[in-house]
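# I need the structure of the sequence given here:
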Amino acid sequence: MPADEPRSDAQIIADAYEERVRELFKVFAETLYTGEPERDAVARFKRALLSVRRVRALALEAAKEADTP
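I've put the predicted structure just below:
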C-alpha cells in the first residue's frame with residue numbers, strides 16, 4: 001500500500017492488536033526468564049491475550065457501526 005493511501009480503521013486496529021500481542025509476549029517471556037512460576041505467568045498471559053482479543057473485537061464492531069449512517 002502506498003504511503004499516501006489512508007489506512008482503513010480495520011487495518012489500524014489490526015496493526016495495534018499485533019503490536020499489543022508482541023508486547024504481551026515480551027512481558028510473558030521476561031517473567032519466565034526472571035523466574036516467575038510458569039503456571040502464574042501462563043495464567044496472566046492467557047488473561048491478557050483474551051482481554052486484548054475482546055478489545056479488538058469491540059473496536060472492530062465500533063468501527064463498523066461508525067461507518068453505518
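# Once you drop chain neighbours, what's closest to the spatially most central residue of the chain?
Taking CA atoms, centre = their mean as the criterion, Tyr17 is the residue nearest the geometric centre of the chain, at 3.0 Å. In space, and not counting its chain neighbours, Tyr17 is closest to Arg56: 4.5 Å by CB to CB, 6 or more residues apart in numbering. For glycine as for every other residue, the C-beta is placed from the backbone atoms N, C-alpha and C.
# Tell me the buried residues in the host helix or strand of that neighbour?
Using DSSP states H and E, Arg56 maps to helix 38-67. Within helix 38-67, the residues that count as buried by 16 or more other CB atoms under 10 Å are Ala41, Phe45, Ala48, Val52, Arg56, Ala59.
# can you check stretch 28-35 too?
Phe28, Thr31.
# what does that stretch rub up against?
Glu38, Ala41, Val42, Arg44, Phe45 (CB atoms under 8 Å, 6 or more residues apart in numbering).
# wait, which of those residues is closest to Ile12?
Phe45 (24.6 Å; CB to CB).
# separation between that closest one and Glu23?
Counting by CB to CB, to the nearest Å, the separation of Phe45 from Glu23 is 11 Å.
# Done for today, thanks.
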